[in-house]
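Q: Here's a sequence, model it:
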Amino acid sequence: MQDGARQEIAVRRADHPGDLGWIVMAHGELYDQQFGWNTEFEALVARIVADYATGHAPAAQAAWIAEVDGDRAGCVMLTAGDQPGTAKLRVLLVSPNARGLGVGSHLAEEALAFARAAGYRRVTLWTTDNLASARRIYQHCGFILTDERPHRAFGHDLVGQTWSLVLNPMG
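A: Residues are numbered from 1 along each chain as shown. Next up, the predicted model:
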């Protein structure tokens, strides 16, 4: 690609062979490179993806891949939450070479539009406080920090955060 050339961004369902494996691999590699997180994190992502792959209800749960110029560059999932009417936003990731292009916002907006259409009243997510770029996306979408707790995970002392977005205040 030439400098200054416009890059084509597409968001599609994660339904191609290799998409779910890419989600796990990309998380494992990227979080190791950027934060030094160990394979405990990759195992968590693998469990989330495996649960989705083996038990998701297509009308209520979905996953998306973002592509930049035809190459996978990001992902997100929306799964059923623990409470009726609540969904979880999971595994949002944007590859370093796609950052600054709006890929994360496109993915989050796609997932939230699906959540609204599926009739969810609320969406929650869990993250850690060191993921500043993701936090900006969540705040832009209207999520509010509802809980914050220090914990040890992935080989590091972290602060876990729960964020929540009310989709239908009347519901």
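
Q: Now do the phi/psi pair for residue 128.
A: Dihedral pair for residue 128: phi -120, psi 150, per degrees, to the nearest 10.

Q: Tell me the predicted confidence for the nearest residue to it once chain neighbours are set aside.
A: Nearest-residue entry for residue 128: residue 158, 4.6 Å, with adjacent residues in sequence omitted and distances by C-beta to C-beta, 6 or more residues apart in numbering. (Each C-beta comes from the backbone N, C-alpha and C, glycine too.) pLDDT, residue 158: 96.

Q: quick one, what contacts residue 158?
A: The contact partners of residue 158, taken as C-beta atoms under 8 Å, 6 or more residues apart in numbering, are 128-130, 150-152.

Q: What of residue 87?
A: 60-61, 78-81, 115, 118, 120, 122-124.

Q: Equivalent analysis for residue 61, please.
A: Listed by C-beta under 8 Å, 6+ apart, the contact set of residue 61 reads 52, 77-80, 87.

Q: Ranking by neighbours, what's the top pick from the residues you listed?
A: Greatest neighbour count in these, by other C-beta atoms under 10 Å, goes to residue 87: 29 neighbours.

Q: Quickly find the element holding that residue.
A: Using DSSP states H and E, the element containing residue 87 is strand 86-94.

Q: Each with direction, which strands does that strand pair with?
A: With DSSP bridges as the test, strand 86-94 is paired with strand 71-80 (antiparallel), strand 122-128 (parallel).

Q: Return the distance of whatever helix or strand comes next after that strand from the chain's centre.
A: As assigned by DSSP H and E, the chain's next helix or strand after strand 86-94 is helix 103-117. From the chain centre to the centre of helix 103-117 is a distance of 10 Å (C-alpha atoms, centre = their mean, to the nearest Å).

Q: follow-up on the earlier one: looking at the contacts of residue 87, which one is closest to residue 103?
A: residue 78 (16.5 Å; C-beta to C-beta).

Q: I figured that closest one was touching residue 90, is that so?
A: Yes. Residue 78 lies in contact with residue 90 (C-beta atoms under 8 Å); the separation is 7.3 Å.

Q: which of the contacts of residue 158 tops the neighbour count?
A: Neighbour-wise, the contacts of residue 158 (other C-beta under 10 Å) top out at residue 128, 19 neighbours.
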